[in-house]
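Student: this is a predicted model, with the sequence first.
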Amino acid sequence: TTKMSFAYVLKSGKLPEPSIAAEDRPLYFQLKRFALNPQRTSMIFSPSLTAKQRQHVHDLARLFDLNHKSHRYWVDKDNPNQILPETEDQMLASDEHVPKDKQQKVAQCVKVWKPTPQERGSGRAKRRGRGRSKRRGSATRSLSPPPSRSPPPRLNPKKRTHVRASSGDFHHVAKPVRTQDPHDRIVEELLDGLPDDVRKLSKEEMSMFHELERYLKQGGRGYRVYTNKNPHERRIIHETAELMGLHHESQGQRGKDRRLVVRVPTAEERQDEDEGFAMVQQALEAYRAFAIQQHADLGVSNTDMPPGFEEGSERLVRYASWNIEWFGNFFRSDTEFHVAVPSKGITDANNVLERIGCVITAIDADLLAVQEGPSTPAQMELFVERYLDSQYDVFGGLESKERQQLYYLSRKSGPLRNVQVMEDAYKFLAEPWTFDVEGNLVLQEYSYIRVPLIIQADVEVPPDCLQQQARLTPRPSLSNVECPHPDDIARDTDELVAKAQADLCATRRLVACNFHAKSKHVSGGERKWRSEDDADKQDYIRSSVQNRRRIIGECLRLRECLNRFVFRHEAHPLLVVSGDLNAGPGFDFFEKLYCLSSGLDALMGSPFNHNKMLDAVLIRSRFVKPADMWTCVFDDFIDEIPNKKSMIDHICVSHALYRTCKRAGVCHDIYDTFSDPVGTAIRPGSAEIVATVRQGRPSDHRPVYADLM
């Protein structure tokens, strides 16, 4: 016989037509009418059925995929076929529940009922019928009497077999070995894996822990849905479910429709999670060995020096770049500073501002690029006036709604003249452009988080520098379509060579770009990465890869701008690009394993057009010792390296400037001079001494510099 699902029976109206013995046909058609009647949900067969007939009812119910169970019911002693109204007490069939005014007796009956939609989807109906039935024997026994044959010998009672009589003949069947439901096995594993000591949990976490523990002890069926929860309550639920190994996810739009669903993970999810986690671990181990070798190669592969380098020579233009940690938090308005910033651990704002001013003064830069600057130019001018003695002109702060602005500070008495923002380049960068932001093969519009700031200035270049710059490149060919016309390049080159030979200075245009790329940070990243839930880990990987795609997209857009507004108009421009690129030399875990490029590589240009490539001066081991090639420190939970030193702040120059670069480095000594590891300060208005990490440091980034000429 062929078993058909009950859902198919109701949908098609078809029922199996097996070969049924004549004495079983009335029971078969009775069940058939019940199955096809949508109004009926349960039925109880007459107590007058014999044990053999009750056995056949169980077989037929299993054939129709119906729930079935043997019950003892109260019946009228005078009319055994009349079942009394069913109640919970009457189903116990104990003498104490027998009414005194009426004689009753207990009869064995078979109850059959239709499975619920949840039971049909999970297969629980078949398990319920098979598990609770009091009959013994195989679930695949034929409904018709077996053929006549001689009785087999008795079997070993220790084996999982038994003998049963049917229609006067003997036959044997193997007793089915019960297999544990995968869901129940997972629930048992989760319960066994619960932590014994939960005293460290907060009161809210403890309450949620016990609630989910009860959910598991009750079988873990269905879902736990939480609605109308604030972000703090949702975080508690997420963290507690993660601790207990449950699957948890937020669904719906933010607001009232947002809900959080917790459930027991399926066997497939746990298997995929184990396989995916093992694969990520293998890739991570291979990457860590690669990263160590990559860092070692960095110190020995960039040992050459620019042709114009002379030890101890005087510099003409010193360029510096510094990300000043949330500089805008120090300003109350355009005309005054905060006394303290408790949210950032700053109890004495003036103390930190003095540290910042001392670092800038000690660097003694002619042109300083500032990232994470204050929100308005007036605030930056206020800082220059109070802490830098008004020695610098301020350029930038062009985005009205950005809290972390980009600025240039140009020394008033320095070598740069006619400093101005390149408006055409800024307008180009401020416009959105299209690329595959999410990596899903769908083009989307994207705009800079912080629009790069590009300025130009005039500088008097001495003859020795002119000679180095003029000999940079031969006369170009027509194959380079983005270059100026060859005759114009040749004329410019000849003019520079002539001035250099005549020992005359030449006024050249210096172009500088200040760039702060999008951050790689993912909110809750460490919790998701360390999660045993594959969905959380994949969500973190997806967000990390998408952030790197945004960084690469921003770098490629900036490179397009430089090609259009700088390299197209000059054969060998004086160009410097600096800032916090949030990308280091080489490849990190996601860039290497997920086939991505580095943002720094994208910005520096293509080797197929090497005349337009930029040179990173801070990775030259004769400028910077390999041990000093870092600008910030953070805990890397991917590489499992606490206090990892990384170089994400860079200075990149064109070939012309690289040939005349005299020095470059990371200002570790200056930074350490004006930093206090303990961060002690006197609280304003009292004699109390306090200590915070932010209070003792000028920033979380080290400043970098380069003597360009």
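Tutor: That came in fine, so what should we check first?
Student: C-terminal to the host helix or strand of A35, what's the next element?
Tutor: A35 belongs to helix 25-36 when assigned by DSSP states H and E. Heading C-terminal from helix 25-36, the first helix or strand you meet, by DSSP H and E, is strand 42-44.
Student: in that following strand, what's buried?
Tutor: M43 (16 or more other CB atoms under 10 Å). C-beta coordinates here come from the backbone N, C-alpha and C atoms, glycine included.
Student: what's that strand packed up against?
Tutor: Where contact means 3 or more CB pairs under 8 Å, 6 or more residues apart in numbering; DSSP states H and E, strand 42-44 is packed against strand 104-113.
Student: quick one: mean pLDDT over the strand it packs on.
Tutor: For strand 104-113, mean pLDDT rounds to 75.
Student: now that strand - C-alpha only, PDB.
Tutor: The C-alpha atoms that make up strand 104-113 are tabulated as PDB, following Å, rounded to 0.1, in the frame of the first residue of the first chain:
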ATOM      1  CA  GLN A 104     -21.100   3.000  34.400                       C
ATOM      2  CA  LYS A 105     -18.200   1.000  33.200                       C
ATOM      3  CA  VAL A 106     -14.900   1.500  31.400                       C
ATOM      4  CA  ALA A 107     -14.500   0.600  27.700                       C
ATOM      5  CA  GLN A 108     -11.400   0.600  25.500                       C
ATOM      6  CA  CYS A 109     -11.900   2.900  22.500                       C
ATOM      7  CA  VAL A 110      -9.900   4.300  19.600                       C
ATOM      8  CA  LYS A 111      -9.900   8.000  19.000                       C
ATOM      9  CA  VAL A 112      -8.800   9.400  15.600                       C
ATOM     10  CA  TRP A 113      -8.300  13.000  14.900                       C
END
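Student: partner strands of it, with direction?
Tutor: Applying DSSP bridges to the sheet, strand 104-113 is found paired with strand 42-44 (antiparallel), strand 67-76 (antiparallel).
Student: and the ones you listed, which one averages the lowest pLDDT?
Tutor: Per-stretch mean pLDDT for the strands paired with strand 104-113 is lowest at strand 67-76 (a mean of 72).
Student: how about stretch 335-342: buried residues?
Tutor: Under 16+ other CB under 10 Å, the buried positions of stretch 335-342 are 337-338, 340-341.
Student: run through who's touching it.
Tutor: 329-332, 346-350, 353, 378, 382, 386, 683-684 (CB atoms under 8 Å, 6 or more residues apart in numbering).
Student: could I get the buried residue list for the helix or strand R557 falls within?
Tutor: For R557, the host element (DSSP H and E) is helix 534-562. Residues 534-541, 543-545, 547-559, 561-562 are the ones in helix 534-562 that count as buried (16+ other CB under 10 Å).
Student: packing partners for it?
Tutor: helix 267-301, helix 423-430, strand 433-435, strand 506-516, helix 525-530, strand 574-580, helix 589-593, helix 599-604.
Student: what angle do the helix holding A35 and strand 104-113 make?
Tutor: Helix 25-36 runs at 60 degrees relative to strand 104-113, counting by axes from the mean of the first three to the mean of the last three CA atoms, to 10 degrees.
Student: sorry, back to before: and the two most separated of the contacts of stretch 335-342?
Tutor: A378 and R683 (28.6 Å; CB to CB).
Student: those strands in the stretch 251-400 of the chain, which residues are they?
Tutor: 259-263, 318-323, 367-373, 392-396 (DSSP state E, counting those that start in this stretch).
Student: got the ones you listed as JSON lines, with mean pLDDT, distance to C109 and mean neighbour count columns?
Tutor: Below are the strands of the stretch 251-400 of the chain laid out as JSON lines (pLDDT from 0 to 100; distance: least, CB to CB, whole Å; neighbours: other CB atoms under 10 Å):
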{"stretch": "strand 259-263", "mean pLDDT": "88", "distance to C109": "37", "mean neighbour count": "18"}
{"stretch": "strand 318-323", "mean pLDDT": "97", "distance to C109": "81", "mean neighbour count": "26"}
{"stretch": "strand 367-373", "mean pLDDT": "97", "distance to C109": "79", "mean neighbour count": "27"}
{"stretch": "strand 392-396", "mean pLDDT": "97", "distance to C109": "88", "mean neighbour count": "20"}
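Student: looking at the ones you listed, which is nearest to C632?
Tutor: strand 318-323 (8.2 Å).
Student: what strands line up against that closest one, and which way round?
Tutor: Its sheet considered, strand 318-323 pairs with strand 367-373 (parallel), strand 704-707 (antiparallel) by DSSP bridges.
Student: and the angle from the first one to strand 574-580?
Tutor: If I follow you right, that is strand 367-373. 30 degrees.
Student: returning to what we had before: TSV for the strands of the stretch 251-400 of the chain, including distance to D24?
Tutor: TSV is the format used below for the strands of the stretch 251-400 of the chain (distance: least, CB to CB, whole Å):
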stretch	distance to D24
strand 259-263	42
strand 318-323	85
strand 367-373	84
strand 392-396	91
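Student: out of those, which gets nearest to E526?
Tutor: Short answer: strand 259-263, nearest of the strands of the stretch 251-400 of the chain by CB to CB, at 20.4 Å.
Student: T507 against P462, yeah?
Tutor: No. Using CB atoms under 8 Å, T507 makes no contact with P462, being 11.6 Å away.
Student: could you pull out the helices in the stretch 551-700 of the chain for me?
Tutor: Assigned by DSSP state H, counting those that start in this stretch, the helices in the stretch 551-700 of the chain fall at 589-593, 599-604, 655-660, 668-673.
Student: so what secondary structure elements neighbour the first one?
Tutor: The one in question is helix 589-593. Counting by 3+ CB pairs under 8 Å, 6+ apart, helix 589-593 packs on helix 267-301, helix 534-562.
Student: rank the ones you listed by pLDDT, which is bottom?
Tutor: Across those, helix 267-301 gives the lowest mean pLDDT, at a mean of 66.
Student: buried residues in stretch 653-670?
Tutor: 653-668, 670.
Student: ok, Q469 to F34 distance?
Tutor: 97 Å (CB to CB, to the nearest Å).
Student: and of the buried residues of stretch 335-342, the nearest to V566?
Tutor: Nearest member of the buried residues of stretch 335-342 to V566, counting by CB to CB, is F337, at 37.4 Å.
Student: tell me the average confidence for stretch 232-240?
Tutor: For stretch 232-240, mean pLDDT rounds to 85.
Student: which of the residues in that stretch are buried?
Tutor: Of the residues in stretch 232-240, 234, 236-240 count as buried by neighbour count, 16+ other CB under 10 Å.
Student: now for those: which two are most distant?
Tutor: Largest separation among the buried residues of stretch 232-240 by CB to CB: R234 and T240, giving 10.9 Å.
Student: before I go, just wanted to say thanks for your time.
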